[in-house]
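>>> Next comes the sequence, and after it the predicted model I'd like to discuss.
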Amino acid sequence: MAPATSPRSSSYADDAAGLGRGRAAAFVAPALVLVAVFLVFPALWTLYLGTTDYRLTGVAASRPQFVGTDNYTTVLGDGEFHRSLWLTAQFVLGSAIVGQTVLGFALAWTLRDRTGPLRRLVEGLVLLAWILPGSVIAFLWIALLDRDAGTLNALLGTPGTAWLLDHPMACVVVFNVWRGTAFSMMLYGAALGNVPPSHLETARLAGASTWQTLRDAVLPRIRGHVLTSLLLVSLWTFNDFTPFLITAGGPDHRSEILSVYVYRTALGDGRLGFGAAVSLIMILVNLVIALLYLRALRGRSA
Amino acid sequence: MTARTLLRRIGLATFLSAVLGFFALPLLWLASAPFDASPEITASVPEFTLRNFRVLLDNPYALASLRNSALLAAGTAALVVTSAALAAYALSRVRVPGRDALLYLLLLLSSIITGTAAMVPVFLLAFNLHLIDSRLGVVLVLTGGLLPTAIFILKDFTDATPPSYEEAARVFGATPLQVLRHVVAPVIRPGLATVAVWTVAQVWGDFLMPFLLLRDPDKAPAAVVMYTFYTEGGQPDLPLISTFSLLYALPVVAMYLLVSRRYGMRFHGGIKR
């Protein structure tokens, strides 16, 4: 008996499972619908919401009015928005671009040819900071920095220093360095594996200092990794909501980065239309970072 | 040993001890307070006891919230794995024009439309769909955000399996769904496990979406309940907070150890390619 053949058997190479276009579409449909409704639609809807006076309660909640670009002019002229933007810049630059990257690279470099318990201990602690749930970590930092009985004050012998009240933004920046260094450490660890050992050996024999070795032998090899990881950690840090769990933007809005600002204006004050305008600005910032990232990737593979 | 190498050694040791101290310091409290007979905010060597864990049973929200977290994580993982596997399989096996462009576009969208940036439209969408205070709403919103990456990872796995098994199964009259369940799924099981574990880890730690979308404290997952434990007025209940933190954090550590032991310290992150 001849093996059963299907009418599509000639296209095995294109369709080995015999799905056919119709069934393939049915297989893709659930995922596409979920993504379309719960990811793409909200982003597109923001374009409309940002042009209304939508509010959480009151008349404008049931019958929002079209207000054109009013929200955008209000946002862009809002002093609180400017301050929030400036704080966000400090947060991203200080904790992600400088803090996590420098510390992560330094760790990857120091640990590169080390094995044994010390390396496992360091890596384990750095990773723990990265994987533990945000709300647990947030309380650990509140406890650490507590004014009256915090471990930091006990250690430094500075009882009564209210770190979170006196220097909220610095606390949040240091916290995020602590929280996110693991990613840079692992990424640069993998990248350093691509630097041929002979290059480093040559540099050592030529009597190059560590700084010269890094600049001339290592950096050219990992430049692509540095660029892409800088963009990724910027994107993640820009969208991080964990500072809210520690300072809630306070005291007196002094640590209110954009992610907290949008929460406070839209859901705290109930100005949803205004918040949607801020949301759109944040999505656009994300888009710019993501496009730069894609360009950097293309440059790396070229 | 020259003076220079000696200096270098000292510098290195100082650097590593400083790093160890910096990363260990906040974690000390989590290691000591749950077992301390009279826990304080300051981390200290505990006067050992396990009695603190009893307060977990007395608090009406503690254990229930862990169950809520498990429900949200399991629901999201089930939905993400099934719909991503179906989609990845079809996209891997049937050539559709613009397929790769579509995948990259979805991936780009999922990285720019984050929960933080889109919290206002997501909240309003859930409000209009009557999904506020519904676990299903949280599951659906989280699924939408995680799916593109899940499809991307799984398509890598299905692309790597040869179609000859499926052809053989077809010859014996299996339907495409049977082929996927009994032939393809066992082969790409590591991929399915990766996506499931990754989803559970994301949902388990997520604070923003349940904080935004759930109202009833009986439905709140551990991330939100933890936050209310220390922000609600009055003296924080340290025996409760410390033991609850530990119990809530342990599954993440266990999952991480399991994955890294099973598949090695491979670098998955969010940055495959």
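Received, thanks.
>>> what number of residues lie near residue B:240?
20 (other C-beta atoms under 10 Å in any protein chain shown). Where C-beta positions appear, they are placed from N, C-alpha and C, glycine not excepted.
>>> Give me the pLDDT value at residue 24.
Here I'm looking at chain A. Reading off the confidence values, residue A:24 has pLDDT 85.
>>> Can you look at chain B instead?
The per-residue confidence score, pLDDT, reads 93 for residue B:24.
>>> Contacts only, for the closest residue to it other than its chain neighbours.
Once flanking residues are discounted, residue B:24 sits nearest to residue A:125: 5.6 Å by C-beta to C-beta, 6 or more residues apart in numbering or on different chains. By C-beta atoms under 8 Å, 6 or more residues apart in numbering or on different chains, residue A:125 lies in contact with B:20, B:23-24, B:27.
>>> Flag every buried residue along the strand or helix carrying residue A:125.
Using DSSP states H and E, residue A:125 sits in helix A:117-131. Neighbour-count burial for helix A:117-131, counted by 16 or more other C-beta atoms under 10 Å in any protein chain shown, picks out A:119, A:122-123, A:125-130.
>>> and after that helix, which helix or strand comes next?
Once helix A:117-131 ends, the next helix or strand along the chain (criterion: DSSP H and E) is helix A:134-144.
>>> does chain B sit close to the helix or strand following that following helix?
Going down the chain from helix A:134-144, the next helix or strand is helix A:151-156, by DSSP H and E. Yes. With C-beta under 8 Å from any C-beta of the partner chain as the measure, helix A:151-156 is seen reaching chain B through A:151-152, A:154-155.
>>> Could you check the angle the helix holding residue A:125 makes with helix A:134-144?
Angle of helix A:117-131 versus helix A:134-144, following axes from the mean of the first three to the mean of the last three C-alpha atoms, to 10 degrees, is 110 degrees.
>>> before we move on, the earlier item: list buried residues within the contacts of residue A:125.
Neighbour-count burial (16+ other C-beta under 10 Å) applied to these gives B:23-24, B:27.
>>> Give me the subset of the residues you listed lying in helices.
B:23-24, B:27 (DSSP state H).
>>> From residue A:75, how far out is the residue of the stretch 151-273 of chain B found nearest chain A?
Relative to chain A, the nearest point of the stretch 151-273 of chain B is residue B:163 (3.0 Å; C-beta to the nearest C-beta). In this view, residue B:163 and residue A:75 are 53 Å apart by C-beta to C-beta, to the nearest Å.
>>> Looking at the two, which one has more neighbours?
residue A:75 (20 against 17).
>>> OK, contacts around the more buried one?
With contact set as C-beta under 8 Å, 6+ apart, residue A:75 has these partners: A:81, A:274, A:277-278, A:281.
>>> per-residue confidence for it?
Value for residue A:75, per-residue pLDDT: 86.
>>> what's the answer for residue A:59, then?
Note on residue A:59: pLDDT of 69.
>>> now do the one 10 residues further on
We have a pLDDT of 85 for residue A:69.
>>> Any stretches of chain B with poor pLDDT?
By pLDDT under 70, the weakly predicted segments of chain B are B:1, B:234, B:263-273.
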